[in-house]
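Undergrad: structure for this input, please:
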Amino acid sequence: MNILIVYAHPEPRSLNGALKDLALRHLTARGQEVRVSDLYAMDWKAIADGEDFLAPDSGERLFYERASKAAFANGSQSADIATEQDKLLWADAVILQFPLWWFSMPAILKGWVDRVFALGFAYGVGEHGGERWGDRYGEGTLTGRRAMLSVTIGGRAPHYSDRGVNGALDDLLFPIHHGVLFYPGMDVLPPFVAYQADHLKDEQWPSVEDAFKARLDGLFTDEVIPFRRQNSGHYDGQQVLKPGLGDGASGTRIHLVQRGDPEQRPVPAPSRPGR
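TA: Model prediction:
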């Protein structure tokens, strides 16, 4: 299997660096093919702007999403964007390795998403009609791939519980899990999380190492987060969850399939970008 690790930390000797190196060694030893996009080492351009498109500037107002669609379709994206898209198409699984900074991913990783997930590649795919709103949320270009976040957090685990002061971690990661990874079709695994990252002692590392190896071993077998697919029949023509579904849940949890829910419609063959 092919695995892409997208790594976002400026210090190679950090806990994130150690986890990235561990994943590379362990997965390679298991016979997997692994590629790493080390965004800081690549000097990744995080800003989405007109320089992302090789066609001459017409002087017209820039609509980034429209320009990205045209550039993707006619092969005039900048080379760094096209290379990362090719890595995503090559991969059977994607691991995003990053520290939780201000309740989200570092800017350089967000910039990777902004630029690589172009219109026509990761979104704006598929036909719209009736209750169908394109190929997204469980369908799309990246259908059939798995994704997992490996996140380091400075705070303590109780701070990120349902009643914790920072809010439940599942809710904080929902925009990434659901809106970045599930949106273009990937099946999303529960995250691997290392808390109190700045206070990890040498003697604690073996337990973190063992736990991470176990998650890596289950990359293609562990149960994924049971998000409802957009075109599964669970949402109405306005893309609102139908009455009777999500009862007893609240917030983002209503978008998880529950016991007793109607069976979801099968996923059609995924749309593939014209590259």
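Undergrad: now Pro99: phi and psi?
TA: phi -90, psi 150 (degrees, to the nearest 10).
Undergrad: now do the same for it: its pLDDT.
TA: We have a pLDDT of 98 for Pro99.
Undergrad: close enough to count as contact, it and Asn16?
TA: Yes. Contact criterion C-beta atoms under 8 Å: Pro99 and Asn16 qualify, at 5.8 Å. Where you see a C-beta, it was placed from the backbone N, CA and C, and this is true even at glycine.
Undergrad: any shared contact partners between these two?
TA: Common neighbours of Pro99 and Asn16, counting by C-beta atoms under 8 Å, 6 or more residues apart in numbering, are 8-9, 152.
Undergrad: in strands, which of the residues you listed fall?
TA: Judged by DSSP state E, strands contain the following of those: Thr152.
Undergrad: and Pro262, what is it in contact with?
TA: Here Pro262 is in contact with 233-234, 245 (C-beta under 8 Å, 6+ apart).
Undergrad: actually, Arg156.
TA: By C-beta under 8 Å, 6+ apart, the contact list for Arg156 reads 195-196.
Undergrad: and it, how close does it get to Ala82?
TA: Distance of Arg156 to Ala82, computed by C-beta to C-beta, to the nearest Å: 42 Å.
Undergrad: His128 versus Gln239, what's the distance?
TA: Counting by C-beta to C-beta, the gap from Gln239 to His128 is 11 Å.
Undergrad: typed the wrong thing, it's Arg259
TA: 31 Å.
Undergrad: looking at those two, which one has more neighbours?
TA: His128 (9 against 4; other C-beta atoms under 10 Å).
Undergrad: how about the more buried one: what's its closest non-neighbour residue?
TA: Setting aside the residues directly before and after it, His128 is nearest to Gly134 in space (C-beta to C-beta, 6 or more residues apart in numbering), at 5.3 Å.
Undergrad: helix, strand or coil: sort out Trp112 for me.
TA: Following DSSP: H, G, I helix; E, B strand; the rest coil, we place Trp112 in the helix state.
Undergrad: now do stretch 210-218, average pLDDT.
TA: Stretch 210-218 comes out at a mean pLDDT of 98.
Undergrad: what are the contacting residues of that stretch?
TA: Here stretch 210-218 has contacts from 19, 22-23, 26-27, 30, 148, 150, 189, 192, 194, 222, using C-beta under 8 Å, 6+ apart.
Undergrad: which parts of it are buried?
TA: Within stretch 210-218, the residues that qualify as buried are 212-213, 215-216, counting by 16 or more other C-beta atoms under 10 Å.
Undergrad: before we move on, what about stretch 253-264?
TA: Here stretch 253-264 shows 255, 257, 261 as buried, counting by 16+ other C-beta under 10 Å.
Undergrad: and if you look at stretch 154-166?
TA: For stretch 154-166, by 16+ other C-beta under 10 Å, it's 155, 160, 166.
Undergrad: for those residues, which one is nearest Ile95?
TA: Closest approach between the buried residues of stretch 154-166 and Ile95, by C-beta to C-beta: Tyr160, at 20.3 Å.
Undergrad: tell me the SS of Arg35?
TA: Arg35 ends up strand, using three-state DSSP.
Undergrad: ok, now which ones touch it?
TA: Contacts of Arg35 by C-beta under 8 Å, 6+ apart are 2-5, 87, 90-91.
Undergrad: please redo it, this time with the cut-off set to 6 Å
TA: Arg35 makes contact with 4, 87 under the criterion C-beta atoms under 6 Å, 6 or more residues apart in numbering.
Undergrad: any idea what it is bridged to?
TA: Bridge pairing for Arg35 (DSSP bridges) gives the partners Leu4.
Undergrad: give me the pLDDT value at it.
TA: Looking at Arg35, its pLDDT stands at 98.
Undergrad: list only buried entries from the contacts of Pro262.
TA: By 16+ other C-beta under 10 Å, the contacts of Pro262 give 234, 245 as buried.
Undergrad: tell me which of the contacts of Pro262 is nearest to Val267?
TA: So of the contacts of Pro262, ranked by how close each gets to Val267 (C-beta to C-beta), first place is Gly233, at 11.9 Å.
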